[in-house]
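Student: this is a predicted model, with the sequence first.
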Amino acid sequence: MPNHSSTPLRCDCHIHVFDRDKSYASSTYQPPGKGIEAFRAEGMVRGIGRAVLIQASIDGTDNRYLVETLRAQAGIELRGVAVIDEQTEGLDDLDAAGVRAIRVQDRTRLGRNDLDRLPVLARRAATMDWHVELNTEPARYGRLQALMASLPADQPLVLDHLGHVSPHDIEHLAGLSRLLDTGRVWVKLAPTRVSQSPDRYDDLAQLIHHLAGRYPERCLWGSDWPHVMTAPPLPSSSAMIGFLERELTSAQFEACFSSNPAALYRF
C-alpha cells in the first residue's frame, strides 16, 4: 500500500499475529486468534499505516503464518521479523516476503536463554542484510556487551520492550546506555512490559526523555499488540501514542514513529 500522502506514515514496530486455526495446546500461553485484520480494526489508530510483524516465541521457527500475512499485505504496509535457527532454510523466500530481521529470545520468564547463540545467528542474518532483534533483560547486559565484538560489523541490534529495564533503577539505565553508546544498538520505546502505570506511563517519562534525547536516531515504538501474557484491561495504542506525543519533541516523535522505522525496516 504506497503512501501517496505528504504526511509520513507512522509505524507500529512490534505486533504479533496468530493463526486462529492453529492448535497451541502445549504452549506456554494461549494466544488470541487474531490476525492482521484484527490489528487493522484495533491497532491502526492515530496515523498508523505501517507495522512490523514479530514472530512470537510460541511459533518458534515455523514462520509460515508470518510469511502468509506479509504476502497478503492486507491494506497496510508490513515488514517481518522471523525466528530462525542454525539449520533454517529458505532465507531468500523470507526476505522476498518482507522479513528484515531475526528475533532472538533471551528471557528467563520464557525459559529461553539464547544469548550465546547470538553470534552464529547474527552471522546468518547478516548474509541477508538483516538486523537482529533481541528480547533480553538487564541481568544479561554485561554478557551482551562482551559479545558485541563478535557480531557482524555495523549490524544493528534492536532491544525489545525498553530492554526490560526497571524505569528508576540507575544500574539498569547505565547498562542500557552503555549498549546504546556503541552506536549500533536501537531500542523500542514499548512501555507495556515496563511501566507500572497502565495507559498513563508517567513513571517512564524520565527514562523516555533520556533515551530520546540522547539517541533520537535509534528509538522506535511498538505496541506489543495483541498483548499476550498481559492481564486485562489490555493496553491502548492510542494511550501509548498520546504519552509519547506529550513527552517527545516533534522531531523526536517523527523520528521514532516514521523516519527511524522507515530506514531500519526499509519501507
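Tutor: Yes, it's here.
Student: wait, residue 266 sits on residue 100?
Tutor: Yes. Counting by Cβ atoms under 8 Å, residue 100 is a contact partner of residue 266 at 6.0 Å. The way it works is simple: take the backbone N, C-alpha and C, and place the C-beta from them, glycine included.
Student: give me the common contacts of the two.
Tutor: By Cβ atoms under 8 Å, 6 or more residues apart in numbering, residue 266 and residue 100 have these common neighbours: residue 79.
Student: compare the two (neighbour count), which wins?
Tutor: Between residue 266 and residue 100, residue 100 has the larger neighbour count (other Cβ atoms under 10 Å), namely 21 against 10.
Student: and residue 227, how close does it get to residue 205?
Tutor: According to Cβ to Cβ, to the nearest Å, residue 227 and residue 205 sit 22 Å apart.
Student: could I get stretch 32-50 in PDB with only the CA atoms?
Tutor: The C-alpha coordinates for stretch 32-50 follow below in PDB (Å, rounded to 0.1, in the frame of the first residue of the first chain):
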ATOM      1  CA  PRO A  32      -5.900 -14.800  20.900                       C
ATOM      2  CA  GLY A  33      -6.700 -16.000  17.400                       C
ATOM      3  CA  LYS A  34      -6.000 -12.500  16.000                       C
ATOM      4  CA  GLY A  35      -4.500 -11.800  12.600                       C
ATOM      5  CA  ILE A  36      -3.800  -8.700  10.600                       C
ATOM      6  CA  GLU A  37      -7.400  -7.900  10.000                       C
ATOM      7  CA  ALA A  38      -8.000  -7.700  13.800                       C
ATOM      8  CA  PHE A  39      -5.000  -5.300  14.000                       C
ATOM      9  CA  ARG A  40      -6.400  -3.100  11.300                       C
ATOM     10  CA  ALA A  41      -9.600  -2.900  13.400                       C
ATOM     11  CA  GLU A  42      -7.900  -2.300  16.700                       C
ATOM     12  CA  GLY A  43      -4.400  -1.000  16.200                       C
ATOM     13  CA  MET A  44      -4.500   1.200  13.200                       C
ATOM     14  CA  VAL A  45      -5.100   4.400  15.200                       C
ATOM     15  CA  ARG A  46      -3.700   7.900  15.100                       C
ATOM     16  CA  GLY A  47      -1.900   7.700  11.700                       C
ATOM     17  CA  ILE A  48      -0.500   4.100  12.000                       C
ATOM     18  CA  GLY A  49      -0.200   2.800   8.400                       C
ATOM     19  CA  ARG A  50       2.800   0.500   8.800                       C
END
